[in-house]
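Novice: can't give you the sequence, but here's the structure:
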């Protein structure tokens, strides 16, 4: 199949923030893994909503409240279609991916887990997919088992299998590592979890904006992601959960908008997803998320994935030629993330020097300290890509990395 | 190289960053502390021997971190020998002011120490890196107060 070249220059024009100089150099924004920049379509959709349609939802009898409610609820279907969920009531709006994982831990976990039960995670998880389970361990005496990774940074299905037991109740893992870029074999891991009688939670923060996601094909029981990594606003995330599982989960936070009726004697709760959306939600942010999904869908997730693959190959090839460079994470199936260290300089010094050349990367432990320890590192420098990443950005990165060599070499 | 980067990464800093002085444990230290910057993972184990007259007899460190934090720790160990805890506190105050762009009062301070501190003051243009320059000094304060751990988060 031949495809048209990806018109990255045209898409870059959709992102107003990219057209600026940093310390006298054109901005090369290579920190999309931490948070993606926002296209005008998202910014304008949010502004337009606040200028024309804004009101609280699910409450008022007035026109604006109805309009706001309709637009808010319409985004549920947008998300449903985007991740190929079966029903729109399987989409719960949260305040972010961290919030979504904590929701599962605090409702499903507290209801269905008991001392001695096991949760399996992998060695490459973000703190957000470690700490909520540790909190359950402290509260209930459950056990946490960690699947090791290979020196290349891959998770092998046989190692997942070895970690499973009849006590396993949940397998929770990242779809894509935020440090190494490794794409995990999600479908196979979910199938193994199901064979063992466990549920599977997939952290999609680093996959959702980079590849097509099909939760039904993957057969995930839970899938979480945040809006801000998908070119949308902060403060909004999504918990996908299979209908029959969500319906058995009690609410987490109590408040307005999640109840069917309240008396001082008794309260009955709404059905999912509203049961899990207590209080006034981030309404404008949901509208922004919907606009972001429309935006990337119009470009096509397959096209974005292919473009980022090309950028990854280009960057890997160019960076590999720099003296003293070591790329951390050599998985065969990688998404648009390159972590690296240099013999000569600490990642923070690299980050500072790159910044002075207009190149924005992340340096540090990437909220994955256990992984860093596993790798025997305290920190890495990380360049991460998005649909707007151009070859010129990579050239700027490589030129700036050569400056590091010049200063520290 | 850009002039402002040269201001940060002066030769003295690069030299101390690559070849830190007094980089070892001090078995007979009577004060020690672990300094940690959880944001970037920098760690410094600091060992100090203070005599009965409150004079720092020996100081050494081990650890890992960026060029700025390692150079700052290395230069600190060189400038503290023979100083009292009060003199050390005054040097830290001077360093803090110099690294945050405040006018720093160097009256009565050891000139050689002031020169070394001034070499670090390039971080004033890099607010996020100020903690790298001050980590060793915060750790020193903790050690002298017998706090075992200090975190600069």
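Specialist: Perfect, I can see it now. Everything numeric here is computed off the predicted structure, so don't read it as measured data.

Novice: State the number of residues packed around residue 37.
Specialist: In the absence of a named chain, this looks at chain A. Residues near residue A:37, counting by other C-beta atoms under 10 Å in any protein chain shown, number 20. Quick note: C-beta positions are derived from backbone N, CA and C, even for glycine.

Novice: wrong one, I was asking about chain B
Specialist: 22.

Novice: List phi and psi for it.
Specialist: The phi/psi pair for residue B:37 (degrees, to the nearest 10) reads phi -110, psi 100.

Novice: Look up the residues forming beta bridges with it.
Specialist: Beta bridges link residue B:37 to residue B:42 when assigned by DSSP bridges.

Novice: how close does it get to residue A:275?
Specialist: 42 Å (C-beta to C-beta, to the nearest Å).

Novice: give me the low-pLDDT residue ranges for the chain?
Specialist: All of this is about chain A. For chain A, the stretches flagged by pLDDT under 70 are A:1-3.

Novice: hmm, I had chain B in mind actually
Specialist: In chain B, residues with pLDDT under 70: B:1-2, B:151-153.

Novice: what does it have sitting close to chain A?
Specialist: Counting by C-beta under 8 Å from any C-beta of the partner chain, the positions of chain B adjacent to chain A are B:1-2, B:4-5, B:8-9, B:14, B:39-43, B:64-68, B:126, B:129, B:132.

Novice: Strands - which of those land there?
Specialist: B:42-43, B:64 (DSSP state E).

Novice: What is the burial count for residue 19?
Specialist: Here I'm looking at chain A. 10.

Novice: nope, chain B
Specialist: Neighbour number of residue B:19 under other C-beta under 10 Å is 11.

Novice: Then residue A:197?
Specialist: With other C-beta under 10 Å as criterion, residue A:197 counts 12.

Novice: helix/strand/coil for it?
Specialist: coil (DSSP: H, G, I helix; E, B strand; the rest coil).

Novice: again with the one 3 residues further on
Specialist: Three states are possible here, and by three-state DSSP the one that applies to residue A:200 is strand.

Novice: try residue B:105
Specialist: For residue B:105, the assignment made with three-state DSSP gives coil.

Novice: With adjacent residues omitted, what lies nearest to it?
Specialist: residue B:94 (6.9 Å; C-beta to C-beta, 6 or more residues apart in numbering or on different chains).

Novice: In contact with that neighbour: list those residues for me.
Specialist: Contact analysis of residue B:94 by C-beta atoms under 8 Å, 6 or more residues apart in numbering or on different chains lists B:104-106, B:109, B:114, B:117.

Novice: Get me the contact residues on chain A for chain B.
Specialist: Close to chain B, as judged by C-beta under 8 Å from any C-beta, chain A has residues A:23, A:345-349, A:352-353, A:356-357, A:363-365, A:372, A:378-379, A:403, A:406-408.

Novice: Among these, name the ones in helices.
Specialist: A:347-349, A:352-353, A:372, A:403, A:406-408 (DSSP state H).

Novice: farthest pair in those residues?
Specialist: Maximum pairwise distance in these, criterion C-beta to C-beta, is 27.4 Å, between A:372 and A:406.

Novice: which residues of chain B fall in strands?
Specialist: Under DSSP E, chain B gives strands at B:31-37, B:42-50, B:56-64, B:149-151.

Novice: In JSON lines, list those strands along with distance to residue A:300.
Specialist: Output for the strands of chain B, formatted as JSON lines (distance: least, C-beta to C-beta, whole Å):
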{"stretch": "strand B:31-37", "distance to residue A:300": "43"}
{"stretch": "strand B:42-50", "distance to residue A:300": "43"}
{"stretch": "strand B:56-64", "distance to residue A:300": "45"}
{"stretch": "strand B:149-151", "distance to residue A:300": "46"}
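
Novice: Out of the ones you listed, which is closest to residue A:327?
Specialist: strand B:56-64 (20.7 Å).

Novice: mind listing what's buried in that closest one?
Specialist: B:56-63 (16 or more other C-beta atoms under 10 Å in any protein chain shown).

Novice: So which residues of chain B form helices?
Specialist: Applying DSSP H to chain B gives helices spanning B:3-8, B:11-18, B:67-80, B:85-99, B:111-120, B:130-144.

Novice: Can you say which of the ones you listed is packed in most?
Specialist: Most buried of these by mean neighbour count (mean count of other C-beta atoms under 10 Å in any protein chain shown) is helix B:67-80; its value is a mean of 26.

Novice: Could you find the closest non-adjacent residue to residue A:185?
Specialist: With sequence-adjacent residues excluded and distances taken as C-beta to C-beta, 6+ apart, residue A:185 is closest to residue A:157, at 6.0 Å.

Novice: surely the one you found meets residue A:190?
Specialist: No: using C-beta atoms under 8 Å, residue A:157 is not in contact with residue A:190; the gap is 10.8 Å.

Novice: of the two, who's got more company?
Specialist: Counted by other C-beta under 10 Å, residue A:157 and residue A:190 do not tie: residue A:190 has more neighbours, with 24 against 15.

Novice: how about the more buried one, what does it touch?
Specialist: A:171, A:200, A:202, A:218-221.

Novice: Tell me, how many residues neighbour whichever residue of the stretch 1-150 of chain A sits closest to chain B?
Specialist: Residue nearest to chain B within the stretch 1-150 of chain A (C-beta to the nearest C-beta): residue A:23, separated by 8.0 Å. By the criterion of other C-beta under 10 Å, residue A:23 has 13 neighbours.

Novice: mind listing what it touches?
Specialist: A:355-358, B:2.
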